[in-house]
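> My questions concern the predicted model and sequence given below.
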Amino acid sequence: MENEVKLKGFLFSKLANIGSKSEGPAYFLQLQNYEEIKIEKKATLWEIDKTLQPFLGKKVEIEGYFVEHILNYNQVKEIQN
């Protein structure tokens, strides 16, 4: 893909849609400059993303592409400092 990106940062989640039947995690990548990028999860709103979940709280490298300022990932891997 010509608009493919490779980003490094800290993966975390926030609870989204609080108080609704769709309440569940939203995933974000925090870059070194503290910018937060929302990641499109590959699960329904209320479910965890089985690919992203094991990497929560870790530094990762994510390959993917942007659609309307949201990162759609193709690959995620943990990185060491």
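Done, it's in. Computed from a predicted structure; not experimentally measured. Numbering: from 1, shown residues only.

> use CA for all of it now, contacts and neighbours both
Noted.

> Show me which strand runs longest in the protein.
Taking residue count as the measure and DSSP state E as the definition, the longest strand of the chain comes out as strand 4-16.

> That one pairs with which strands, and in what direction?
strand 24-30 (antiparallel), strand 59-67 (antiparallel) (DSSP bridges).

> which other residues reach that strand?
Applying C-alpha atoms under 8 Å, 6 or more residues apart in numbering, the set of residues contacting strand 4-16 from outside is 23-32, 55-66.

> still on that earlier bit, can you say which of the strands paired with strand 4-16 is packed in most?
By mean neighbour count, with neighbours taken as mean count of other C-alpha atoms under 10 Å, strand 24-30 ranks first of the strands paired with strand 4-16 at a mean of 21.

> Centre of the chain to the very next helix or strand once past that strand, how far?
Read in the C-terminal direction, the helix or strand following strand 24-30 is strand 36-40, with elements assigned using DSSP states H and E. The gap between the average C-alpha position of strand 36-40 and the chain average comes to 5 Å, counting by C-alpha atoms, centre = their mean, to the nearest Å.

> For the residue positioned nearest the centre of the chain, give me its contacts.
By C-alpha atoms, centre = their mean, the mean C-alpha position of the chain lies nearest to I39, the distance being 3.5 Å. When contacts are counted by C-alpha under 8 Å, 6+ apart, I39 touches A26, Y27, F28, L29, I70, L71, N72, Y73.

> D49 now?
For D49, the contacting residues are K41, K42, A43, taking C-alpha under 8 Å, 6+ apart as the criterion.

> Apply 10 Å and report the result again.
D49 is in contact with P25, A26, Y27, E40, K41, K42, A43, counting by C-alpha atoms under 10 Å, 6 or more residues apart in numbering.

> Please name the bridge partners of the third one.
Read it as Y27. According to DSSP bridges, S13, I39 are recorded as the beta-bridge partners of Y27.
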